[in-house]
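[1] pasting the structure only:
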């Protein structure tokens, strides 16, 4: 068993080494030790070229950064952030959403054109979604969305003077044809759409989000969270959807240590004992009968 474990460790190290080697080649030959990246505070006008070149020369810049003649400058104050393999942006607390590369967003279709859809991203401007930007889509076999449709998509391109471009194609991993209804991106049907603060949206996107983990212990549900502050939720019953929405909104002003109790209280309002309503109706009937006898 010890020998097998040793061979397993060696295999894992070899796989990790191969991955780093491939990333080094892609990013310009610089050791790609992503774990060493540390978010740094930056201010408008700061030259961050050295910081963003740490893992290679081929980089993609997002919100808050501007490339000019081989140099990269910060265009807003915030925290310089990084996402594998080579995306950099300036994270900032803003009440208005600014599209960033690879963000997952929820948009509302406002216009349908021959080759694209226009989506509203929570009132922060429009975005374009090409009709062929879906896994398995062709000119003869492509989705048809009407104004008002909700679409979960990914930010594929960000332009300085133009609307961002979205895509419903998976960047990596398993891909399923859009017609199967099992693809990661696409139309969100049914359910309820509501808006939260950008800060709360970030918390909901965390894998260990306390409020979502607490709700999942009592209610089965589907959820999509957009970095733009739109949240879509669906469940078997309308009252469950409303309860989940309430729990999420209350979590913004609830201390983390009290999240579980808060969710339990919200869930209790929709999970009454099965015989409670029948017992109540029976009591009312008896009271009415006694009243009639008295008269």
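    Perfect, thanks for sending it. Keep in mind that what you see is a predicted model, and the values were worked out from it rather than measured.
[2] so what's residue 240 closest to, chain neighbours aside?
    Ranked by C-beta to C-beta, 6 or more residues apart in numbering and with sequence neighbours excluded, the top spatial neighbour of residue 240 is residue 219, at 5.1 Å. (Each C-beta comes from the backbone N, C-alpha and C, glycine too.)
[3] OK, contacts around residue 46?
    73-74 (C-beta atoms under 8 Å, 6 or more residues apart in numbering).
[4] How about residue 88?
    48, 52, 59-62, 65, 72, 80-82.
[5] what about 10 Å?
    When the contact criterion is C-beta atoms under 10 Å, 6 or more residues apart in numbering, the partners of residue 88 are 37, 48, 51-55, 59-65, 72, 80-82, 101.
[6] So which of these sit within helices?
    If you go by DSSP state H, the contacts of residue 88 have 51-52 in helices.
[7] Among the contacts of residue 88, name the buried ones.
    By neighbour count, with 16 or more other C-beta atoms under 10 Å, the contacts of residue 88 hold 37, 48, 51-55, 59-65, 72, 80-82, 101 as buried.
[8] Would you map the strands across the stretch 51-200 of the chain?
    60-61, 65-68, 71-74, 78-83, 87-91, 104-112, 116-120, 126-130, 150-157, 165-167, 186-188, 192-195 (DSSP state E, counting those that start in this stretch).
[9] Pop out the phi and psi values for residue 215.
    phi -70, psi -40 (degrees, to the nearest 10).
[10] how near is it to residue 266?
    8 Å (C-beta to C-beta, to the nearest Å).
[11] Between these two, which contacts overlap?
    Common contacts of residue 215 and residue 266 (C-beta under 10 Å, 6+ apart): 243-244, 247-248.
[12] Mind checking which of those residues land in helices?
    If you go by DSSP H, the shared contacts of residue 215 and residue 266 have 243-244, 247-248 in helices.
[13] just those residues now: which is nearest residue 205?
    residue 248 (12.3 Å; C-beta to C-beta).
[14] how deep is the closest residue to residue 62 other than its chain neighbours tucked in, by neighbour count?
    Leaving out its chain neighbours, the residue that sits closest to residue 62 by C-beta to C-beta, 6+ apart is residue 89, at 3.3 Å. As a burial measure, residue 89 scores 25 neighbours (other C-beta atoms under 10 Å).
[15] is it true that residue 89 touches residue 66?
    No: look at residue 89 against residue 66 with C-beta atoms under 10 Å: they stay out of range, at 11.3 Å.
[16] shared neighbours of the two, anything?
    Residues within reach of residue 89 and of residue 66 at once, by C-beta under 10 Å, 6+ apart, are residue 76.
[17] Straight-line length of stretch 186-199, end to end?
    End-to-end distance for stretch 186-199, by C-alpha to C-alpha, to the nearest Å: 24 Å.
[18] any idea how far residue 192 is from the residue lying closest to residue 175 once chain neighbours are set aside?
    In space, and not counting its chain neighbours, residue 175 is closest to residue 135: 4.7 Å by C-beta to C-beta, 6+ apart. According to C-beta to C-beta, residue 135 and residue 192 sit 26 Å apart.
[19] Same check on residue 69?
    49 Å.
[20] These two - which one has more neighbours?
    When residue 69 and residue 192 are compared for neighbours, residue 192 comes out ahead with 14 against 4, by other C-beta under 10 Å.
[21] Leaving out chain neighbours, which residue sits closest to the more buried one?
    That would be residue 241: by C-beta to C-beta, 6+ apart, it lies 5.1 Å from residue 192.
[22] Where does the one you found fall, secondary structure wise?
    Using DSSP states H and E, residue 241 maps to helix 238-251.
[23] measure residue 265 to residue 258 for me?
    Remark: distance between residue 265 and residue 258 (C-beta to C-beta) = 10 Å.
[24] quick one on the thing from earlier: quick one: which of the ones in helices among the shared contacts of residue 215 and residue 266 has the most company?
    Tallying neighbours with other C-beta under 10 Å puts residue 244 at the head of these, with 28 neighbours.
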